[in-house]
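Colleague: this one's structure only:
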């Protein structure tokens, strides 16, 4: 093969190679990712699986927090009613009120007692009762919340006995229930005051336990969010290209391509000059 043909072939090959290098570098820059080795692919797949489990955990934590906050909200309403009933019982204990006034106090007191029972029987979370005898807080085994991806990553809460004690104090459905007390009768206001005092104390214990667990779920959520962010950052670090390096590769490929084109152009010019000299 003539030397000119060899030179031309080499120039075309160099152009093809430089174009290929430019395309590879350009594609990496466009995707902002690099090709991974098999071992890196395995690591990345493991990270993705872990991230998926972590996202499910965050959903579980959010649902658990929402449930406990709903329960706490219902109990706050219970507390507000107990305070109003206690105020009425304290007033009724004072003999400065007339029989008619005590009758009015009793009527309001009994209505509040009915509201109290209604909350215990009807309060719910996602159509699951909360405070009734068959409610969420009355489960024998308590409640379990999944706080991680391991089988033992659980937060357990059992308020069955505490809620039962509060329900017994209110005596829902009993003839001696708060909704049935007559504040005009002797010693009944004192009885009501005593019941409501114990109920308020029991209620405070339950609400405190819920608050502790809500705060704990918040701390766990923050920790899991940090874990997910770390995982996501690690994935990005594994797949992201070195932009400066790829831009340099792209620039070098362009320079090589320009050089090859110039060499080919000079060769073609020399061939054309040779043809013209022969024809002349």
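Modeller: On my side now, so go ahead. Every value quoted in this text rests on a predicted model; they were computed, and no experiment measured them.
Colleague: who's in contact with the residue most central in space within the chain?
Modeller: Residue closest to the mean C-alpha point of the chain, counted by C-alpha atoms, centre = their mean, is residue 58 at 3.6 Å. Residue 58 makes contacts with 221, 224-225, 228, as judged by C-beta atoms under 8 Å, 6 or more residues apart in numbering. From N, CA and C alone the C-beta is placed, and that goes for glycine too.
Colleague: tell me the SS of it?
Modeller: Following DSSP: H, G, I helix; E, B strand; the rest coil, we place residue 58 in the helix state.
Colleague: quick check: it vs residue 75, distance?
Modeller: 26 Å (C-beta to C-beta, to the nearest Å).
Colleague: quick check: residue 218 touching residue 65?
Modeller: Yes - in this structure residue 218 lies within contact range of residue 65 using C-beta atoms under 8 Å: 7.0 Å.
Colleague: who has more neighbours, these two?
Modeller: Looking at residue 218 and residue 65 with other C-beta atoms under 10 Å, you find the greater number of neighbours at residue 65, namely 19 against 12.
Colleague: show me the contacts for the more buried one.
Modeller: 214, 217-218, 221.
Colleague: so in the protein, where's the weakest helix or strand by average pLDDT?
Modeller: helix 3-31 (a mean of 54; mean pLDDT, DSSP states H and E).
Colleague: quick one: the helices in the protein?
Modeller: Under the criterion DSSP state H, helices of the chain are mapped to 3-31, 38-92, 99-122, 160-170, 188-239, 243-279.
Colleague: so, low pLDDT: which residues of the stretch 1-150 of the chain?
Modeller: Applying pLDDT under 70 to the stretch 1-150 of the chain flags residues 1-36.
Colleague: now the stretch 151-280 of the chain, which segments are flagged as low pLDDT?
Modeller: For the stretch 151-280 of the chain (pLDDT under 70), the answer is 172-175, 240-280.
Colleague: hmm, try it at 80
Modeller: 172-176, 236-280 (pLDDT under 80).
Colleague: surely residue 195 meets residue 188?
Modeller: No - with contact defined as C-beta under 8 Å, residue 195 does not count as touching residue 188 (10.4 Å).
Colleague: neighbour count for these two, which is higher?
Modeller: Neighbours were counted for residue 195 and for residue 188 using other C-beta under 10 Å; residue 195 has more, 21 against 18.
Colleague: residue 230 versus the more buried one, what's the distance?
Modeller: Note on residue 195: its distance to residue 230, by C-beta to C-beta, is 53 Å.
Colleague: one more: residue 186?
Modeller: For residue 186 relative to residue 230 (C-beta to C-beta), the value is 69 Å.
Colleague: these two: who's more crowded?
Modeller: The residue with more neighbours, out of residue 186 and residue 230, is residue 230; 13 against 7, by other C-beta under 10 Å.
Colleague: how close does that one get to residue 57?
Modeller: Between residue 230 and residue 57 the computed distance is 14 Å (C-beta to C-beta).
Colleague: show me what contacts residue 55?
Modeller: residue 228.
Colleague: let me fix that, I meant to ask about residue 178.
Modeller: Shown in contact with residue 178 (C-beta under 8 Å, 6+ apart): 85, 109-110, 112-113, 116, 170-171, 192, 195-196.
Colleague: quick check, nearest of the residues you listed to residue 70?
Modeller: Residue 70 has its nearest neighbour among those in residue 116, at 17.8 Å by C-beta to C-beta.
Colleague: I'd like to know how many residues surround that closest one.
Modeller: Count around residue 116 with other C-beta under 10 Å applied: 22.
Colleague: how far away is it from residue 206?
Modeller: Residue 116 is 15 Å from residue 206, where distance means C-beta to C-beta.
Colleague: tally of neighbours for the closest residue to residue 198 other than its chain neighbours?
Modeller: Leaving out its chain neighbours, the residue that sits closest to residue 198 by C-beta to C-beta, 6 or more residues apart in numbering is residue 169, at 5.6 Å. Neighbourhood size, residue 169 [other C-beta under 10 Å]: 20.
Colleague: hang on, isn't residue 169 packed against residue 197?
Modeller: No - taking C-beta under 8 Å as the definition, residue 169 is not a contact partner of residue 197, at 9.6 Å.
Colleague: and for those two, which residues touch both?
Modeller: Contacts common to residue 169 and residue 197, judged by C-beta under 8 Å, 6+ apart, are absent.
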